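Chemist: Fold the following for me, if possible:
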Amino acid sequence: MAAIIELQGISKHYSKTIIGVDNVSLAVEDGEFVTLLGCGKSTLLRMIGGFEAPTQGTIRLAGRDVTWDPPYRREVNMVFQDYALFPHMTVGQNIAYGLKMQGMDKSTAKARAVEALALVGLPDKIDQRPDQLSGGQRQRIALARAIVRRPKVLLLDEPLSALDARMRDQMRIELKHLHEKVGITFIMVTHDQEEALTMSDRIAVMQTGRVAQDGRPQDIYDHPA
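Modeler: Below you'll find the model as predicted:
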């Protein structure tokens, strides 16, 4: 299977002594669910998304060099841990916002929003506002807004950290099912080892900004480096 994301020698130096990411090379296959664990994970995710520029190295998306492209020029979407929903908009308007910014007509954008809401199991919430929803529902709306643009890669920054334990367990299952349904590549950052082990196809464990071990959850659990 072809790599959808290729990182070659990616580093992020904040100063001579403060190094966030140190010479990381990693390939992610199309359709994989990969989790980044450890020190440097969030910085690496933000560089893949275009929210931070690397000090050195190359980022390729579907074979194209996107190292210096801004986020809107990458076929990548990010789900933030605080959901980042617009409080003054309805759920439907939140989801369709990115499509309208791309110039899609209103009726097509609404149809796509309805489709995305059905995928996350909340078709009846289209006219509600974010403050009328539970934390788990807001997380699902954030996911719907991210997948409605049909990105090649979905980046998830600690997506379940704001939820209570019961809701977190439920959302793990929901997120895994969503990945299977939409079939796009998921790259997730988490500090929760159990989350990484139960949800991922592959885990990259980072230590002092480098990838210390990269492999299937079972292999990492049975044979930690």
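
Chemist: Which residues outside the helix or strand bottoming out on mean pLDDT in the chain are in contact with it?
Modeler: Ranked by mean pLDDT, DSSP states H and E, the weakest helix or strand in the chain is helix 165-182, scoring a mean of 87. For helix 165-182, contacts defined as C-beta atoms under 8 Å, 6 or more residues apart in numbering pick out 33, 119-121, 134-136, 139-140, 143, 147, 156, 159-160, 163, 186, 195, 198-199. C-beta here means a position set from N, CA and C on the backbone, and glycine is covered the same way.

Chemist: Just the buried residues from the residues you listed, in PyMOL please.
Modeler: Buried residues within the contacts of helix 165-182, by 16 or more other C-beta atoms under 10 Å, are selected in PyMOL with:
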select buried, resi 33+119+120+136+139+140+143+147+156+159+160+163+186+195+199
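
Chemist: Please, which helix or strand holds the residue most central in space within the chain?
Modeler: Per C-alpha atoms, centre = their mean, the C-alpha nearest to the average position across the chain is that of residue 155, at 1.6 Å. Using DSSP states H and E, residue 155 sits within strand 153-157.

Chemist: now do residue 204
Modeler: Assigned by DSSP H and E, residue 204 falls in strand 202-207.

Chemist: try residue 58
Modeler: strand 56-61.

Chemist: picking up where we left off before, got the CA coordinates for the least confident helix or strand of the chain in CSV?
Modeler: These are the backbone C-alpha positions of helix 165-182, laid out as CSV (Å, rounded to 0.1, in the frame of the first residue of the first chain):
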residue,chain,number,x,y,z
ALA,A,165,-14.1,8.5,31.7
ARG,A,166,-17.5,6.9,30.7
MET,A,167,-17.9,9.1,27.6
ARG,A,168,-14.2,8.6,26.7
ASP,A,169,-14.7,4.8,26.6
GLN,A,170,-17.8,5.2,24.4
MET,A,171,-16.1,7.7,22.0
ARG,A,172,-13.1,5.3,21.5
ILE,A,173,-15.5,2.8,20.0
GLU,A,174,-17.3,5.6,18.0
LEU,A,175,-14.0,6.9,16.7
LYS,A,176,-12.8,3.5,15.6
HIS,A,177,-16.1,2.8,13.9
LEU,A,178,-15.9,6.2,12.1
HIS,A,179,-12.4,5.4,10.9
GLU,A,180,-13.7,2.1,9.4
LYS,A,181,-16.7,3.8,7.8
VAL,A,182,-14.9,6.7,6.1
